[in-house]
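1. coords below, sequence missing:
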């Protein structure tokens with residue numbers, strides 16, 4: 001007997017009416033008679049279909065994933081830029097405060113003389 005693994009994509013509607021896309025990995029055993037027997041079924045991935053974005057069973061998931069990755073990367077870059085700007089602003093405020101304290105100390109020293 002030969003064991004092979006194949007992947008199939010199923011669109012299922014749950015009892016609650018929520019449509020999901022699932023990729024199943026089915027283990028198939030082919031007997032000597034040539035009749036395939038599915039002896040295992042494992043869900044590899046599952047996600048809800050987004051009706052608002054015209055997501056259906058024929059959508060290109062790889063393209064959707066790439067678009068999602070690009071958006072996430074852009075968001076990370078924007079967040080990093082914001083953090084850098086905030087850090088720069090805090091550093092400027094810290095320097096300004098130090099300068100004010102230094103100036104105040106200098107004025108106090110001048111008054112003592």
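-> Perfect, thanks for sending it. As the structure is a prediction and not an experimental result, all values here were calculated from the model. Numbering: from 1, shown residues only.

2. Could you tell me how many residues sit around residue 75?
-> Close neighbours of residue 75, defined as other Cβ atoms under 10 Å, add up to 10. Where you see a C-beta, it was placed from the backbone N, CA and C, and this is true even at glycine.

3. What of residue 21?
-> Counted with other Cβ under 10 Å, residue 21 comes out at 20.

4. That one - that's part of a strand, no?
-> Yes: going by DSSP: H, G, I helix; E, B strand; the rest coil, the assignment for residue 21 places it inside a strand.

5. Settle this for me: it is touching residue 44, isn't it.
-> No: taking Cβ atoms under 8 Å as the definition, residue 21 is not a contact partner of residue 44, at 11.2 Å.

6. overlap in contacts of the two?
-> When Cβ atoms under 8 Å, 6 or more residues apart in numbering defines a contact, no residue borders residue 21 and residue 44 alike.

7. In this protein, what residue spans correspond to helices?
-> Counting by DSSP state H, the segments of the chain that form helices are 61-112.

8. Low-confidence ranges, it, go.
-> Flagging of the chain using pLDDT under 70 yields the residue ranges 1-18, 24, 26, 28-38, 48-64, 113.

9. buried sites along stretch 98-112?
-> When neighbours are counted by 16 or more other Cβ atoms under 10 Å, no buried residue of stretch 98-112 is found.

10. Mind listing residues that contact that stretch?
-> Looking at what lies outside stretch 98-112 - Cβ under 8 Å, 6+ apart - there are no contacts.
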